[in-house]
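J.: generate coordinates for the sequence data below:
(one chain, ligands or ions: 2)
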Amino acid sequence: MTRITSVALRRVLDSRGNPTVEADVLTESGGFGRAAAPSGASTGEYEAIELPPTEAIAAARRHAVPRLVDEVHAGNQREVDATLRAADGSENFSEIGANSAVAISMAAAKAGADVLGAPLYQHLGGAFRGDNFPTPLGNVIGGGEHAKEATNIQEFLAAPVGAPSVSEAVFANAKVHARASEILDERDVPAAKGDEGAWAPPVSDADAFEIMGEAVSDVEDELGFEIGFGLDIAASEMFEDGVYHYGDETKTTDEQIDYVAEMVDEYDLVYVEDPLDENDYEGFAELTERVGDRTLICGDDLFVTNVDRLQDGIDVGAANSILIKPNQIGTLTDAFDAVELASRNGMDAVISHRSGETEDATIAHLAVATDAPFIKTGTVQGERTAKLNELIRIADDAV
Ligand SMILES: O=C(O)[C@@H](CO)OP(=O)(O)O
Ligand SMILES: [Mg+2]
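T.: Numbers count the residues shown, from 1 in each chain. Ligands and ions are numbered 1, 2, ... in the order given. Alright, predicted model coming up:
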């Protein structure tokens, strides 16, 4: 029933206006799935390879499509993804591109769900999923690689940990985003938006901490449930010549660890992603040892959704949380395996968007399917709200 009868690939626009790969998968009984690859700006050194879309599409048509059509069942996700890996033949999808691979992997999953008449999260996660929802981490203020002339820290993220429902959590983050804009106005700070729709004001990181703290506590008072905040420091982007660069100032690794630990306590941070360079397992372990009992230390560029790198991290206690980005590794199977290895080891998975996105909402289903405690997918802006609104629909049994 779910035998694949065609795979079509095309270039479409992403939210930065760059081309990306979209895949359509059809099955013999008429099942249909469509998905598009996202794209990062602050990419990790160990991510699977994103090829220029035209090349990725040509290579996937030559190597992967003939092995999938008439041969593989869209309902069997492991078989689809193993076929993509075999067709590629490299460790990191450098032949067909992780962008072609992830688009086909996600489109096949949707086609499989379509044939079964089940929501995607249920096809991927099983009958007992759909009652738990992730807390959305919403990017409110940011800079780094996502906006020029703004904060050094890439993302200041609202975290409505006390929200009674996913819908209330989503609206809380939008309120924090709006409140941050008012506070910037009161301070006469003009603010454009960065790639993910966060405010990108020309303020210091210290000011951004203050503004975030105020915005979050105002909205917390208004709504009556706990809202914290967290960071994606994206520290690999700051690390050069053995030190972390904050504009004209630098911090050694020890100073960086002290600084992050101080911020965790001063602002009760609930989440800190990539506080140190992507090669510094030891620094991650030291910080996790110091503050891991009261906050999440999350590896994004550190782990790149890769089970081998995650296992290395588990062996040394490098983090207590992992960011999951399907395009960082190339298939849904790999992403699932990373979530499972993490949760077997008591780590929290955070399913994540990329800074370059499309309307594709697969990650909302992935978060529910894997029972992930968090999802990071922006606060406002169409390509972000596509995922947030899908979460609301899943909770409302409307998918
Ligand atoms: O660093 C990150 O976590 C992401 C998403 O917020 O950014 P990018 O997609 O640019 O890697
Ligand atoms: Mg990150």
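
J.: going forward, measure contacts and count neighbours with C-alpha atoms only.
T.: Will do.

J.: and His245, which of the three is it?
T.: Classification of His245 using DSSP: H, G, I helix; E, B strand; the rest coil returns strand.

J.: just use 54 as the starting number from now, easier for me
T.: Okay, residue one is now 54; in that scheme the one you just asked about reads as His298.

J.: and it, how close does it get to Asn442?
T.: Look at His298 and Asn442: by Cα to Cα, to the nearest Å, they are 37 Å apart.

J.: repeat for Thr305
T.: Distance of Thr305 to Asn442, computed by Cα to Cα: 42 Å.

J.: ok, Thr73 next?
T.: Taken as Cα to Cα, the span from Thr73 to Asn442 is 23 Å.

J.: between the two, which one's more packed in?
T.: Using other Cα atoms under 10 Å as the criterion, Thr73 and Asn442 rank with Thr73 on top: 28 against 16.

J.: Thr384 contacts Ser153, correct?
T.: No - applying Cα atoms under 8 Å as the test, Thr384 and Ser153 come out as separate, 9.8 Å apart.

J.: more neighbours: these two, which one.
T.: Remark: of Thr384 and Ser153, Ser153 carries more neighbours, 36 against 28, as counted by other Cα under 10 Å.

J.: contacting residues for the closest residue to Glu279 other than its chain neighbours?
T.: Distances taken as Cα to Cα, 6 or more residues apart in numbering put Gly215 closest to Glu279, at 4.4 Å, once the chain neighbours are dropped. Shown in contact with Gly215 (Cα atoms under 8 Å, 6 or more residues apart in numbering): Phe278, Glu279, Ile280.

J.: Ala233 too?
T.: By Cα under 8 Å, 6+ apart, the contact set of Ala233 is Val193, Ile194, Ile264, Met265, Ala268.

J.: again, only using 10 Å
T.: The contact partners of Ala233, taken as Cα atoms under 10 Å, 6 or more residues apart in numbering, are 193-194, 227, 239, 251-252, 261, 264-269, 271.

J.: among the residues you listed, which are in helices?
T.: The helices in this structure, assigned by DSSP state H, contain Ala227, Glu239, Ala261, Ile264, Met265, Gly266, Glu267, Ala268, Val269, Asp271 from those.

J.: the fifth one reaches Phe209, doesn't it?
T.: Yes - when contacts are counted by Cα atoms under 10 Å, Met265 is listed as touching Phe209 (7.3 Å).
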